[in-house]
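Undergrad: here are the coordinates; sequence isn't available:
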């Protein structure tokens with residue numbers, strides 16, 4: 001489609017819609033991890049082709065500089081499908097994304113916050129133990145005096161709407 005001149009922004013919009021469908025089907029047990037992984041890989045491949053075209057179209061546009069987001073899979077977890085999808089979506093929607101990778105130690109996240117001064121820090125984890133690592137990371141961010149200047153978003157298989165005080 002891109003080679004034929006299709007609008008890369010429109011194509012990425014279709015990809016966003018498709019990944020939402022895949023996510024909903026995964027949530028209800030209609031799709032399983034292999035389908036989720038395949039969709040993530042397909043999204044990554046399409047994004048790699050489309051991103052340079054989108055960047056070219058949006059370069060210099062005000063909306064293309066919406067802020068900085070740091071994103072990482074917390075220490076103790078090696079899963080990155082969800083993180084990669086979120087990174088991709090933020091990136092194509094005008095955010096500068098500092099992607100720290102998987103199994104990221106708390107100190108690395110603290111250092112990145114100090115260096116990049118993001119508006120948002122995204123913490124990802126798939127395993128149950130990732131919840132503890134996320135809590136540890138958030139507490140370290142607070143202890144370092146960095147919490148009041150940033151928003152923190154968390155995500156992963158073990159994350160739900162439950163609030164712990």
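TA: Here it is on my side, so go on. Predicted model, so just to flag it, every value in this text is computed and none were measured.
Undergrad: quick one, domains of the chain?
TA: Split into domains by automatic domain parsing, the chain comes to 1-61, 65-165.
Undergrad: okay, those, which one's buried deepest?
TA: Compared across the domains of the chain, domain 65-165 shows the largest average neighbour count, a mean of 17 (mean count of other Cβ atoms under 10 Å). Every residue, glycine included, has its C-beta placed from N, CA and C.
Undergrad: now do the strands in the protein.
TA: Secondary structure of the chain (DSSP state E): strands at 67-73, 95-99, 120-124, 151-155.
Undergrad: beta partners of the closest residue to residue 104 other than its chain neighbours?
TA: Nearest non-adjacent residue to residue 104, counting by Cβ to Cβ, 6 or more residues apart in numbering: residue 72, 3.9 Å away. On the basis of DSSP bridges, residue 72 is bridged to residue 123.
Undergrad: is it correct that residue 72 is in contact with residue 99?
TA: Yes. Between residue 72 and residue 99 there is a contact at 7.5 Å, judged by Cβ atoms under 8 Å.
Undergrad: now for those two: what residues contact both?
TA: Residues within reach of residue 72 and of residue 99 at once, by Cβ atoms under 8 Å, 6 or more residues apart in numbering, are residue 83.
Undergrad: re the thing from before, look up how far residue 26 lies from the residue nearest to residue 104.
TA: Distance, residue 72 to residue 26, by Cβ to Cβ, to the nearest Å: 22 Å.
Undergrad: then residue 125?
TA: Taken as Cβ to Cβ, the span from residue 125 to residue 26 is 16 Å.
Undergrad: likewise for residue 1?
TA: Note on residue 1: its distance to residue 26, by Cβ to Cβ, is 25 Å.
Undergrad: just residue 14 next, same as before
TA: Distance of residue 14 to residue 26, computed by Cβ to Cβ: 19 Å.
Undergrad: alright, that wraps it up for me.
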